[in-house]
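**Q** with the sequence up front, the predicted model follows.
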Amino acid sequence: GRETDLHGSRYMSSKKENLVDEIEKKPASENPWYVLATLFGEYVTKDVHHIEVKETSDINRKYWNAWASQGMTDGAKSAIKDAKGKSILDDAPEWDSVRLEVEEKFKARLPKSELPKPSLGVNFYDIIFNNDIYFSDFFFPGDVNFKDTKFSGDAHFSNTKFFKTAEFNNAEFSGGTSFQSAKFSKFAMFRSAEFSGGVNFSSAEFSGDAHFFSANFSGGAIFISTKFFKGPFFSSANFSGTANFRLAEFSMTSYFDSAKFSKYATFSSVKFSGNANFHNSKFSGLSIFISAEFNEEANFSDAVFDSPCNFRDTHFKKYYPDLSGTLLHSKTILTSEDIYWPKKVVEKSNDDETKAAFESCALLRQNMTSQGLFEAAHFFFRREMAHKAELSKLWERPFYVIYRWVEYGYGVKQPLVGIVLLWAAGILLLIYDGFLPFTTALGLSAANIFKFFGFQGAYYGGVIESLSSPLQFMTVAQTVTGYLLLSLLGL
């Protein structure tokens, strides 16, 4: 029995499984799993292209994977694939063929220790790696504990497979770190981890929750094309260097609340399938959301954008972004086209949601106006009024219906067509019911609509007196309706 709370704390009920936590803290050279990972030599050079380093890391990996995959069927081994679809266990020797050699080398370095069992997990708790370490293409079949571990050199975890929980809480990465194309099948916990050098999670896959609460990324953080199948938690994370999430995919709710982005941050072409929570986050440098896709709610409430933010071609599929209390930069870029914004006023008939959408549209309209982008400003004004109409009282609705008919002052065609139809209807009634000549009906109908010019009284006073009461009422109706249509045209 294992359970994980929201902050990634792990509780283990089995005393046997608790072996990982009970082992006395020792230097890396005395750690049995470190010895297993470096059977054919440790790494004392930072030149990753050095042929000796490559040969050593390859043979260390093969023997580690042989130990880690012992007892697995051929079908299970073939399922442990790398980014290219090839099994990383293909070149691992059969355990029975190397077991005696492994035990001999292991005993030579740790005479008093027993060879660990893969089912009990791997423990590097509070270990200091003084040199570079290579775990690329390694297979970890059980829980892995790197909590409080310090990586003084570069840490290589590219294409590594973590079959169960991987814990890196409070770990310190002083050099360059790579988790490129790594796969985390269960929980991945990096709470309060320190990445002093650059870290690369490009094309990594997180099948379980990924916890980065309060993590510090002092160097660049790269999450290009990373896939998060469950909620990643970057709450209160600090990105002191650049943060690159381009082409990342978030299948469920993603949490960036109270996160700080001190430099360039990009979420270009990111797909947020679940809710995106950026509440109270702060963007001190340029932030880019070009062509990002928000399929559910996008919460930027109380967020601060100290530098320009680019939302060009960003899709908000169902909801307008929540911008309540948000401080947008004066050079915010948005695309004011229908295809990038919700088709409906709101997805749910909820006054609070409608009010939040109304306030967001008002803020965007004000921001566009301050930049002199009046077409974009009116785009958000129309949506602001649409939400206002939903919040209006019952007796106010007819006025909003008329206002909406002319696109809240944006439409010119509608009142023009209305004036022409009103003029034509007057002509037909005056000819067929008032028996007036065509030219007289033509002029009188126009004079009724444009009464403020005075043509009606100057040229058609006697004609109007000769009309029947219904037709006289029609002339008044034309005048009133004409004033309304002309007012709407003037908007």
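**A** Right, received. Where do you want to start?
**Q** residues near residue 480, how many?
**A** Here the neighbour count serves as a burial measure; for residue 480 (other Cβ atoms under 10 Å) it reads 11. No exception for glycine: its C-beta is placed from N, CA and C like everyone else's.
**Q** and it, which of the three is it?
**A** What DSSP: H, G, I helix; E, B strand; the rest coil gives for residue 480 is helix.
**Q** pLDDT at it, what is it?
**A** Residue 480 is assigned a pLDDT of 88 by the prediction.
**Q** and residue 294, bridged to which residues?
**A** On the basis of DSSP bridges, residue 294 is bridged to residue 272, residue 316.
**Q** spit out the contact partners of it.
**A** Contacts here follow Cβ atoms under 8 Å, 6 or more residues apart in numbering; on that basis residue 294 touches 272, 276, 314-317, 319, 321.
**Q** just put the residues you listed in JSON lines and tack on neighbour count and distance to residue 158.
**A** Formatted as JSON lines, those follow (neighbours: other Cβ atoms under 10 Å; distance: Cβ to Cβ, whole Å):
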{"residue": "272", "neighbour count": "24", "distance to residue 158": "26"}
{"residue": "276", "neighbour count": "25", "distance to residue 158": "28"}
{"residue": "314", "neighbour count": "24", "distance to residue 158": "32"}
{"residue": "315", "neighbour count": "17", "distance to residue 158": "32"}
{"residue": "316", "neighbour count": "19", "distance to residue 158": "35"}
{"residue": "317", "neighbour count": "16", "distance to residue 158": "34"}
{"residue": "319", "neighbour count": "23", "distance to residue 158": "38"}
{"residue": "321", "neighbour count": "26", "distance to residue 158": "36"}
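**Q** now the residue nearest to the spatial centre of the chain: how far from residue 297?
**A** Against the mean C-alpha coordinate of the chain, by Cα atoms, centre = their mean, the closest residue is residue 272 at 4.2 Å. According to Cβ to Cβ, to the nearest Å, residue 272 stands 9 Å off from residue 297.
**Q** for the stretch 301-450 of the chain, what are the low-confidence residue spans?
**A** 344-351, 391-393, 396-412 (pLDDT under 70).
**Q** what segments of it are strands?
**A** With strands called from DSSP state E, counting those that start in this stretch, the stretch 301-450 of the chain shows them at 304-305, 309-311, 315-316, 333-334.
**Q** export the ones you listed to JSON lines and tack on distance to residue 475?
**A** As requested, the strands of the stretch 301-450 of the chain are arranged in JSON lines below (distance: least, Cβ to Cβ, whole Å):
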{"stretch": "strand 304-305", "distance to residue 475": "58"}
{"stretch": "strand 309-311", "distance to residue 475": "53"}
{"stretch": "strand 315-316", "distance to residue 475": "49"}
{"stretch": "strand 333-334", "distance to residue 475": "48"}
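**Q** which of the ones you listed sits closest to residue 84?
**A** Counting by Cβ to Cβ, residue 84 lies closest to strand 315-316 out of these; the figure is 31.3 Å.
**Q** chain center to the closest one: distance?
**A** For strand 315-316, the distance between its averaged C-alpha position and the chain's averaged C-alpha position is 11 Å (Cα atoms, centre = their mean, to the nearest Å).
**Q** likewise stretch 95-113?
**A** Taking mean C-alpha positions (Cα atoms, centre = their mean), stretch 95-113 and its chain are 48 Å apart.
**Q** give me the neighbour count for the closest residue to residue 89 other than its chain neighbours.
**A** Taking Cβ to Cβ, 6 or more residues apart in numbering as the measure, residue 89 lies nearest to residue 77, with 4.4 Å between them; neighbours along the chain are not counted. Neighbouring residues of residue 77 were enumerated by other Cβ under 10 Å; the total is 16.
**Q** same question for residue 147.
**A** Around residue 147 there are 21 residues (other Cβ under 10 Å).
**Q** next, it: phi, psi?
**A** Recorded main-chain torsions at residue 147 are phi -60, psi 140, according to degrees, to the nearest 10.
**Q** do the same with residue 178
**A** phi -130, psi 120.
**Q** which residues sit in contact with it?
**A** If you count contacts by Cβ under 8 Å, 6+ apart, residue 178 has them with 136, 154-158, 199-200.
**Q** of all these, which two lie farthest apart?
**A** By the measure Cβ to Cβ, those have their two most distant members at 136 and 199, which lie 14.4 Å apart.
**Q** roughly how far out does stretch 111-131 sit from the chain middle?
**A** When distances are taken as Cα atoms, centre = their mean, stretch 111-131 is centred 38 Å away from the chain's centroid.
**Q** pLDDT of that stretch, averaged?
**A** Taken as a whole, stretch 111-131 has an average pLDDT of 91.
**Q** that stretch: end-to-end distance?
**A** Start and end residues of stretch 111-131 are separated by 23 Å (Cα to Cα, to the nearest Å).
**Q** next, the buried residues of it.
**A** Within stretch 111-131, the residues that qualify as buried are 116, 118, 121-127, 129, 131, counting by 16 or more other Cβ atoms under 10 Å.
**Q** which residue is the nearest non-sequential neighbour of residue 339?
**A** Residue 339 sits nearest to residue 315 (Cβ to Cβ, 6+ apart), 7.8 Å away.
**Q** which residues touch the one you found?
**A** For residue 315, the set of contacting residues under the criterion of Cβ under 8 Å, 6+ apart consists of 291-294, 339-340.
**Q** can you redo these as a markdown table with distance to residue 381?
**A** Compiled in a markdown table, these are given as follows (distance: Cβ to Cβ, whole Å):
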| residue | distance to residue 381 |
| --- | --- |
| 291 | 25 |
| 292 | 24 |
| 293 | 25 |
| 294 | 22 |
| 339 | 19 |
| 340 | 17 |
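**Q** filter the residues you listed to the buried ones?
**A** Buried subset of the contacts of residue 315 (neighbour count, 16+ other Cβ under 10 Å): 291-294, 340.
**Q** quick check, nearest of these to residue 309?
**A** Nearest to residue 309, judged by Cβ to Cβ, of those is residue 292 at 11.4 Å.
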